[in-house]
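>>> Build me a model:
(2 chains)
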Amino acid sequence: DTGVSQNPRHKITKRGQNVTFRCDPISEHNRLYWYRQTLGQGPEFLTYFQNEAQLEKSRLLSDRFSAERPKGSFSTLEIQRTEQGDSAMYLCASSSTFTSGVYNEQFFGPGTRLTVL
Amino acid sequence: EDQVTQSPEALRLQEGESSSLNCSYTVSGLRGLFWYRQDPGKGPEFLFTLYSAGEEKEKERLKATLTKKESFLHITAPKPEDSATYLCAVQAPSGGSYIPTFGRGTSLIVHP
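Presented below is the predicted three-dimensional model:
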């Protein structure tokens, strides 16, 4: 396994279009996270899955954002009706299930850079 | 209010000049504090996990420590290849879930 992969690496779109990003986690990891990162900021949590269950989605930025992980493997993040303010790096990370009440480290993909014109 | 604050925002060092980066946090019920390194245009790369006050981890020129209120990343005799942004993150209860929260990072430049 070569780590977390994300596609596409770059996406340029026009305002109002829909975009979808894909994340393939490390195969033995059952937790998958999505983040947004803008210049000079740390990653901002959006949502996460354990297997196919989306356990937290209240931090998705608006109802234009949605994520799926239909078979508990890869995940997609969709942004509908994109706005210029959506321009950012979108990061995916995976981890194994926490044990003994603590959380394990996350392994990040290279990110998808979105530019909305 | 910010739950995770990193300082300084930026740090310039000469090669070989040791220093420390700070990560202070205000969360309770900590379930892990994580340090990552991020190079420009890339995803963060995991460095260390700390779980309890007094814990220390080392890797090459880096050493991470944890108290009940903050963590330090000590860099001993840094080299230019250590130049990167260093991110701190905590995993703690937030509204019924354990959401990871990142600081803004410290941008480190090491001059040869």
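>>> give me the number of residues near residue 21?
No chain was given, so I picked chain A. Neighbourhood size, residue A:21 [other C-beta atoms under 10 Å in any protein chain shown]: 23. Glycine gets a C-beta too; all of them are placed from N, C-alpha and C.
>>> That was the other one, I meant chain B.
Neighbours of residue B:21 using other C-beta under 10 Å come to 22.
>>> what sits up against the helix or strand harbouring it?
Assessed by DSSP states H and E, residue B:21 sits inside strand B:19-25. If you take C-beta atoms under 8 Å, 6 or more residues apart in numbering or on different chains as the criterion, strand B:19-25 is touched by B:3-8, B:11, B:13, B:33, B:35, B:69-75, B:78, B:86, B:88, B:90, B:92, B:103, B:106, B:108.
>>> Determine the next helix or strand in the C-terminal direction from it.
Strand B:19-25 is succeeded, C-terminally, by strand B:33-38 (DSSP H and E).
>>> Does residue B:78 touch residue B:13 like I think?
Yes - at 5.6 Å, residue B:78 counts as touching residue B:13 under the criterion of C-beta atoms under 8 Å.
>>> I'd like to know how far the nearest residue to residue A:84 once chain neighbours are set aside sits from chain B.
Nearest residue to residue A:84, sequence neighbours excluded (C-beta to C-beta, 6 or more residues apart in numbering or on different chains): residue A:116, at 5.0 Å. Distance, residue A:116 to chain B, by C-beta to the nearest C-beta, to the nearest Å: 18 Å.
>>> Now for residue A:116, how many residues are close by?
19.
>>> contacting residues around residue 8?
By default, I'm working from chain A. Counting by C-beta under 8 Å, 6+ apart, residue A:8 touches A:21, A:112.
>>> Oops, wrong one, chain B.
B:21-22, B:106.
>>> Which helix or which strand is home to residue A:11?
Here residue A:11 sits within strand A:10-13, counting by DSSP H and E.
>>> name the helices or strands packed onto that strand?
Judged by 3 or more C-beta pairs under 8 Å, 6 or more residues apart in numbering or on different chains; DSSP states H and E, strand A:10-13 is in contact with strand A:19-24, strand A:112-116.
>>> Mind listing the strands the helix or strand bottoming out on mean pLDDT in chain A pairs with, and their directions?
Counting by mean pLDDT, DSSP states H and E, chain A has its least confident helix or strand at strand A:53-56, which shows a mean of 87. Applying DSSP bridges, strand A:53-56 is found paired with strand A:44-50 (antiparallel).
>>> Chain A against chain B: which residues are in contact?
When proximity is defined as C-beta under 8 Å from any C-beta of the partner chain, chain A approaches chain B at A:4, A:33, A:35, A:40-45, A:55-56, A:58-59, A:91, A:93, A:98, A:101-111, A:113.
>>> quick one on the thing from earlier: please work out the angle formed by the directions of the strand holding residue B:21 and strand B:33-38.
Per axes from the mean of the first three to the mean of the last three C-alpha atoms, to 10 degrees, the angle that strand B:19-25 makes with strand B:33-38 is 130 degrees.
>>> tally of neighbours for residue B:52?
11.
>>> Next one: it from residue B:31, what distance?
Distance, residue B:52 to residue B:31, by C-beta to C-beta, to the nearest Å: 11 Å.
>>> and what of residue B:112?
Distance of residue B:112 to residue B:31, given as C-beta to C-beta: 40 Å.
>>> Please apply the same query to residue B:100.
Between residue B:100 and residue B:31 the computed distance is 10 Å (C-beta to C-beta).
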